[in-house]
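A.B. asks: Got a predicted structure plus its sequence, pasted below:
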Amino acid sequence: MRISHSAMETFKQCPHKYKLNQIDKIVEPKSEEAIFGSYLHYILQWFFENDHRKISLKDLLSFFEKHWLEIKYFDIKNQKEKTLNNFYFDEGLMMLKNFYQKNGHKDVTILSLENPFEISLNDSNNQVHIVSGIIDRIQKSQDRYEIMDYKTGKRLPTQNKVNQNSQLSIYALAFLDQWPNINIKDLDLSLYFLKFGEIIKTKRTVEDLIETKSKILKTIKDIQKEKVFAPKPNNLCDWCGYKNICPVFKHYQPKNSIEKDETNIKHLMDKYFDLHQKRKNIEKEIDNIKSKVDNYLVAKNLYQLESDQGCFQLNDLEDCAYEWKKIKDILKPLGKWTQLIKIDQTEFKKIMREIPEDIRNQINNCKIVKNKTKIVTAIHKSENSIFKNGDINKNIQNRIYDDFTDI
């Protein structure tokens, strides 16, 4: 199984929410608070990537303001997209001013920003599981290392809560997996609460990390044996993006008046057919235009051509096959080969997500490129916004999230 800390916490909070998100793959609309937090993470990543000691407070705040109006969230109650409340703009400026005063010229060595990780764990049946995630910042000051995780929440937890924080324990595991020669005694784990300008630090021992691995494997086992995934009502339900489809709140769902009005339904049907026909005509014209541009890029061997409104990109698409006998030898010791008795590309992609990176590399070495095809992609300038669907646009900012991209 491939899983993240947030997915495990979701399962503990509400198994039904876990099923909707992780199994049914229904995207949860992000809350206003979550999108605000993502944006501040992006701002601070930019700040440190461009050498924080050389950036003025004015430049930092200008960068924050630059993309503000691009940020939108989906209002679940009103079922429409909205820009963030001005409260968050003022809050963001205040947080960044305070952050700059304390960190603007601090002499630290940044080891990584938005660092993706994968931890391989074997259960009692020798099944391999992958825990993945991203660490906001890893830095070194003198002879000590520090993992820093930003928080934009409205509450400041107690020291005891931070000492028990499972996310930081997983980060410590990931850090030692990537830098195994560093002593855990030299590692600090910190939560930076931007609203309060406070850093709460904690540490972990070798025994703590052994216990963390055990807890992860227990949660994975609980998920694997779960059959019902029943909803678990709690005090977070009002902020859940799945509330409108949750069976617990089914009796709160407003009935759609359009379903009762046959006249309106027939009007919508006629509108549908009209728009459908127009779309067919437009798509035909689009295909004709795109074909001409595609042929031009291929003939000139141009890998990118820009216009006032966007660009076309030329890419190589590989048609590949695999040497399945070699792959059998690789997957069989992991107990994964039985899932591929019948070669199934969907199941194969699922397995590739669930195995360690070194094993994925071995399998990719068994790939045979049969032929290459050139494909052209059209990208409108609106798609180049730094924010897309409430998250950092992956086409602009190469940030890897919990979900592993297809192979």
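C.D. replies: Sure thing, it's come through.
A.B. asks: In this structure, where's the longest helix?
C.D. replies: When the chain is parsed with DSSP state H, its longest helix is helix 262-300.
A.B. asks: Can you point out the buried residues in it?
C.D. replies: For helix 262-300, a neighbour-count test (16 or more other Cβ atoms under 10 Å) marks 294, 297 as buried. The C-beta positions use only the backbone N, C-alpha and C, and glycine is treated the same way.
A.B. asks: Which is the succeeding secondary structure element to that helix?
C.D. replies: strand 304-306 (DSSP states H and E).
A.B. asks: just checking, what packs against the longest helix of the chain?
C.D. replies: strand 304-306, strand 310-322, strand 367-380 (3 or more Cβ pairs under 8 Å, 6 or more residues apart in numbering; DSSP states H and E).
A.B. asks: Now tabulate these in a markdown table and tack on mean pLDDT and mean neighbour count.
C.D. replies: As requested, those are exported to a markdown table (pLDDT from 0 to 100; neighbours: other Cβ atoms under 10 Å):
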| stretch | mean pLDDT | mean neighbour count |
| --- | --- | --- |
| strand 304-306 | 89 | 13 |
| strand 310-322 | 83 | 13 |
| strand 367-380 | 74 | 12 |
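A.B. asks: can I get those in TSV with distance to residue 149?
C.D. replies: Shown next, in TSV, are these (distance: least, Cβ to Cβ, whole Å):
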stretch	distance to residue 149
strand 304-306	37
strand 310-322	35
strand 367-380	33
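A.B. asks: for these, which one sits closest to residue 27?
C.D. replies: strand 367-380 (21.6 Å; Cβ to Cβ).
A.B. asks: Alpha carbons of the closest one, in PDB - could you do that?
C.D. replies: This file holds the C-alpha atoms of strand 367-380, laid out as PDB (Å, rounded to 0.1, in the frame of the first residue of the first chain):
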ATOM      1  CA  LYS A 367      11.300  -1.300 -20.500                       C
ATOM      2  CA  ILE A 368      11.800  -1.600 -24.300                       C
ATOM      3  CA  VAL A 369      10.900   1.500 -26.400                       C
ATOM      4  CA  LYS A 370       9.200   0.100 -29.500                       C
ATOM      5  CA  ASN A 371       8.700   3.500 -31.200                       C
ATOM      6  CA  LYS A 372       8.400   7.200 -30.400                       C
ATOM      7  CA  THR A 373       5.600   9.500 -31.400                       C
ATOM      8  CA  LYS A 374       5.700  13.300 -31.300                       C
ATOM      9  CA  ILE A 375       2.600  14.900 -29.700                       C
ATOM     10  CA  VAL A 376       1.700  18.600 -29.500                       C
ATOM     11  CA  THR A 377       0.100  20.200 -26.400                       C
ATOM     12  CA  ALA A 378      -1.700  23.600 -26.500                       C
ATOM     13  CA  ILE A 379      -1.400  25.600 -23.300                       C
ATOM     14  CA  HIS A 380      -3.500  28.800 -22.800                       C
END
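A.B. asks: measure residue 333 to residue 122 for me?
C.D. replies: The gap separating residue 333 from residue 122 is 11 Å, by Cβ to Cβ, to the nearest Å.
A.B. asks: any idea of the pLDDT on residue 366?
C.D. replies: Note on residue 366: pLDDT of 88.
A.B. asks: should've said residue 86
C.D. replies: 92.
A.B. asks: State the number of residues packed around it.
C.D. replies: 9 (other Cβ atoms under 10 Å).
A.B. asks: Check the one 3 residues further on too.
C.D. replies: Residues lying near residue 89 (other Cβ under 10 Å) number 17.
A.B. asks: I'd say it and residue 67 touch.
C.D. replies: No: using Cβ atoms under 8 Å, residue 89 is not in contact with residue 67, being 11.8 Å away.
A.B. asks: Let me know the secondary structure of residue 73.
C.D. replies: The three-state assignment at residue 73 reads strand, by DSSP: H, G, I helix; E, B strand; the rest coil.
A.B. asks: neighbours around it, how many?
C.D. replies: 21.
A.B. asks: cool, and residue 335?
C.D. replies: Neighbours of residue 335 (other Cβ under 10 Å): 12.
A.B. asks: Could you do residue 74 as well?
C.D. replies: Counted with other Cβ under 10 Å, residue 74 comes out at 18.
A.B. asks: Then the one 3 residues further on?
C.D. replies: If you count neighbours by other Cβ under 10 Å, residue 77 ends up with 8.
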